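Undergrad: Here's a sequence, model it:
(chains A, B, C and D)
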Protein chains: 2
Amino acid sequence: MDIRRALKLAGLEPVHLGLKAREHLFHTGDRILRMYLVLEGRLTMVRTLESGQELVVQRAGPGEFLAEASLFADRYHCDAICETDIACEVYDKRDLFTALGERDVSIAILEAYSRSIRILRSQIELRNIKRADDRVLAYLTLLPADEDGWRYPSLSWKDVARTLGLSHEAVYRALAALTRGNRIERAENRIRPA
Amino acid sequence: MDIRRALKLAGLEPVHLGLKAREHLFHTGDRILRMYLVLEGRLTMVRTLESGQELVVQRAGPGEFLAEASLFADRYHCDAICETDIACEVYDKRDLFTALGERDVSIAILEAYSRSIRILRSQIELRNIKRADDRVLAYLTLLPADEDGWRYPSLSWKDVARTLGLSHEAVYRALAALTRGNRIERAENRIRPA
DNA sequence: CGTCCGCTTGACTCAGATCAAACTTGGTGG
DNA sequence: CCACCAAGTTTGATCTGAGTCAAGCGGACG
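TA: Model prediction:
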C-alpha cells in the first residue's frame, strides 16, 4: 500500500471509517470533499442512466484510492455502494491538493490523466449502447458543439466506426437511418442532433 | 496549455522537435526516455495485434502530453505516427520525475491513475474482440493467475457479462463452448486457459 | 489519366440478444 | 427446522440487427 505511506510522509492525517455491506459511501450529486483509500472490503461505483439502466462504472478493493473520478470534479456522478463491510481512510480533498503543491506540475499532469480517464470511460459507455444508430447518435452528442449545436467531426466516418467498434457500413447506415428519421441534420462537413 | 507553464515553472527545459506527416515519433519496443508535449499537428498511437489487425489506441493533438501510457512503463507498446506535420516539445523523463519529487504523493497517485488507464484500455481492447468465446477467453487470460495458471474470478459470471458487454447467456454459452473445445479447464471456483 | 481511398447502398448470413423455463444455492423469517 | 424467496446458473428456441461480401460513385493526388 504504497500510496498510504506517501500520504503519511506528506503529513496527511486520515480519519478512519467503517461501513456495512449495502451502505453508500457517497451518492450521485454529493459534493466531493473527501478522498477515500480502501483498506478492507469491496465497493462498486454505479451510474444510473436516464433509461434507468444501472451501469457498473468501477469496482474498488483494498489499496485502491477512490480519486480518479473525483479529484477534478465538483460533484459525484455515480453512487458508491459497499459490496461487503468495508474499512477505509478518509482524507480531506483540500489538504491533499495542498500536499500536491496546488498549481504544480503534478496537478497539471494529473489533470491530463484525469481527462484521459474520462474519455476512456465515455468510450466504454458508448460501447454499452447496443443499437448502431443510438451509439452513433450518442457519439455525435458527445462531440464539442458550436452555439447552434453543430458538430464538426475531425475523424473520417471510417475512423469513427473503428472507435465505436462498428463496421464502417454500419455507421453509414446508422447515419442514413438517423437522417431519414430526422434525428440528425447533416450539411457539408457538419452535423447536428435534432 | 496549462501543463506547459507548470513544466516551465518547475524549471524543466524542453527541446523542440518537428516531424513530417507519416514519420514515427516512437516505435513499439523503444525505451521510454522522453515525454512529448504536442504543440501543433496530430498523431495517432497504433497498436498492432498478433492477428495483424491494427488498433488505434489514442490520438493526440495540440496541448496534449504523451505520458499516460508511458510514465510508469519501460518500453512503448504502440507506435506513434504523425497524421500531419507536427511540432512538439521533448522533456527528459528522469528530469520530469525529479520535478515531481521522486517518491512522493504525486507519483503514488499518478501511478494509481496510470493503472486505471491501463485497465480501461484493456477493457476497450476486449470489446474489440467480436466473437463471444474469444472475448471471454481473453478476459480470463488477463485475470491474475497462480503458479499453475489457475484464475479465481471474483465476479459472478453475470457481472463478467456486463463488463464484457455481453448478455449473461452468451457468457455461459461461451464457457460451455470453451470447455467442450478444451480451450479452458474448470473446477469448482477456479478456471484455467488450456 | 489512373489509382487509391473514403463514401454509399444492397443482399445474405450468422452470432448474439431476447424470451422462456428449470435447477441450485444461500439467506430470511416464521 | 423448514418454507420461501432472490439471485445466479444453465440450456433451448426464436428473432433481429450488425458483419461481411460485393459493387458503384466521386474526389484527391501523384
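Undergrad: use CA for all of it now, contacts and neighbours both
TA: Will do.
Undergrad: how's chain A carved up into domains?
TA: For chain A, the structural domains run A:2-122, A:130-193, going by automatic domain parsing.
Undergrad: which residues in chain A form helices?
TA: Using DSSP state H, the helices assigned to chain A run over residues A:2-9, A:93-100, A:105-127, A:132-142, A:157-164, A:168-180.
Undergrad: quick one: is the fifth one near DNA strand D?
TA: Translated: helix A:157-164. No. Counting by C-alpha under 7 Å from any atom of the strand, DNA strand D has no neighbours in helix A:157-164; the shortest distance is 8.2 Å.
Undergrad: Next to DNA strand C, which bits of chain A? Give me the list.
TA: By the rule C-alpha under 7 Å from any atom of the strand, the part of chain A lying against DNA strand C is A:156-159, A:168-170, A:172-173, A:176.
Undergrad: what would the domains of chain A look like in TSV with mean neighbour count and distance to residue B:90?
TA: Compiled in TSV, the domains of chain A are given as follows (neighbours: other C-alpha atoms under 10 Å in any protein chain shown; distance: least, C-alpha to C-alpha, whole Å):
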stretch	mean neighbour count	distance to residue B:90
domain A:2-122	17	15
domain A:130-193	15	26
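Undergrad: The helices of chain A into a markdown table, with extra columns for mean pLDDT and distance to residue A:67?
TA: Compiled in a markdown table, those are given as follows (pLDDT from 0 to 100; distance: least, C-alpha to C-alpha, whole Å):
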| stretch | mean pLDDT | distance to residue A:67 |
| --- | --- | --- |
| helix A:2-9 | 84 | 12 |
| helix A:93-100 | 86 | 9 |
| helix A:105-127 | 88 | 10 |
| helix A:132-142 | 95 | 23 |
| helix A:157-164 | 94 | 27 |
| helix A:168-180 | 96 | 35 |
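Undergrad: got the residues of chain A near chain B?
TA: Residues of chain A lying near chain B by C-alpha under 8 Å from any C-alpha of the partner chain: A:2-3, A:6-7, A:10, A:56, A:64-65, A:68, A:99-100, A:103-106, A:108-110, A:112-114, A:116-117, A:120-121, A:123-124, A:127-128, A:162-163, A:165.
Undergrad: Which residues does stretch A:70-85 contact?
TA: A:18-32, A:40-48, A:57, A:69, A:93, A:111, A:114 (C-alpha atoms under 8 Å, 6 or more residues apart in numbering or on different chains).
Undergrad: Send me that stretch as PDB with only the CA atoms.
TA: C-alpha atoms of stretch A:70-85 as PDB (Å, rounded to 0.1, in the frame of the first residue of the first chain):
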ATOM      1  CA  SER A  70     -13.300  12.900  -8.400                       C
ATOM      2  CA  LEU A  71     -10.100  14.900  -7.900                       C
ATOM      3  CA  PHE A  72     -11.000  17.400 -10.600                       C
ATOM      4  CA  ALA A  73     -14.800  17.200 -10.400                       C
ATOM      5  CA  ASP A  74     -17.100  19.100  -8.000                       C
ATOM      6  CA  ARG A  75     -19.800  16.500  -7.500                       C
ATOM      7  CA  TYR A  76     -20.000  12.800  -7.900                       C
ATOM      8  CA  HIS A  77     -21.700  11.400 -10.900                       C
ATOM      9  CA  CYS A  78     -22.100   7.900  -9.500                       C
ATOM     10  CA  ASP A  79     -23.100   6.100  -6.300                       C
ATOM     11  CA  ALA A  80     -20.500   4.100  -4.300                       C
ATOM     12  CA  ILE A  81     -22.200   1.100  -2.700                       C
ATOM     13  CA  CYS A  82     -20.400  -1.300  -0.300                       C
ATOM     14  CA  GLU A  83     -20.500  -4.900  -1.600                       C
ATOM     15  CA  THR A  84     -19.200  -6.100   1.700                       C
ATOM     16  CA  ASP A  85     -18.400  -4.400   5.100                       C
END
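Undergrad: wait, does it make contact with DNA strand D?
TA: No. Against DNA strand D, stretch A:70-85 shows no contacts by C-alpha under 7 Å from any atom of the strand, the least distance being 11.2 Å.
Undergrad: How about the residues of chain A by DNA strand D?
TA: A:130-133, A:165-170.
Undergrad: if you set the cut-off to 10 Å instead, what comes out?
TA: Residues of chain A lying close to DNA strand D by C-alpha under 10 Å from any atom of the strand are A:129-135, A:161-162, A:164-174, A:177.
Undergrad: Endpoints of stretch A:70-88, how far apart?
TA: 17 Å (C-alpha to C-alpha, to the nearest Å).
Undergrad: Stretch A:40-59 too?
TA: By C-alpha to C-alpha, one end of stretch A:40-59 lies 13 Å from the other end.
Undergrad: do stretch A:43-56 as well
TA: End-to-end distance for stretch A:43-56: 11 Å, by C-alpha to C-alpha.
Undergrad: any idea of the mean pLDDT in it?
TA: Mean pLDDT, computed over stretch A:43-56, is 75.
Undergrad: gap between that stretch and the chain center?
TA: Distance of stretch A:43-56 from the chain centroid (C-alpha atoms, centre = their mean, to the nearest Å) equals 12 Å.
Undergrad: rewinding a little: tell me which two of the residues of chain A next to DNA strand C sit farthest apart.
TA: Within the residues of chain A next to DNA strand C, A:159 and A:176 form the most distant pair, 17.2 Å apart (C-alpha to C-alpha).
Undergrad: list the contacts for residue A:23?
TA: Per C-alpha under 8 Å, 6+ apart, neighbours of residue A:23: A:81-82.
Undergrad: got a pLDDT number for it?
TA: Residue A:23 carries a pLDDT score of 86 in this model.
Undergrad: Kindly report the same for the one 10 residues further on.
TA: Among the per-residue scores, residue A:33 shows a pLDDT of 93.
Undergrad: and what of the one 4 residues further on?
TA: Looking at residue A:37, its pLDDT reads 92.
Undergrad: Thanks a lot, see you next time.
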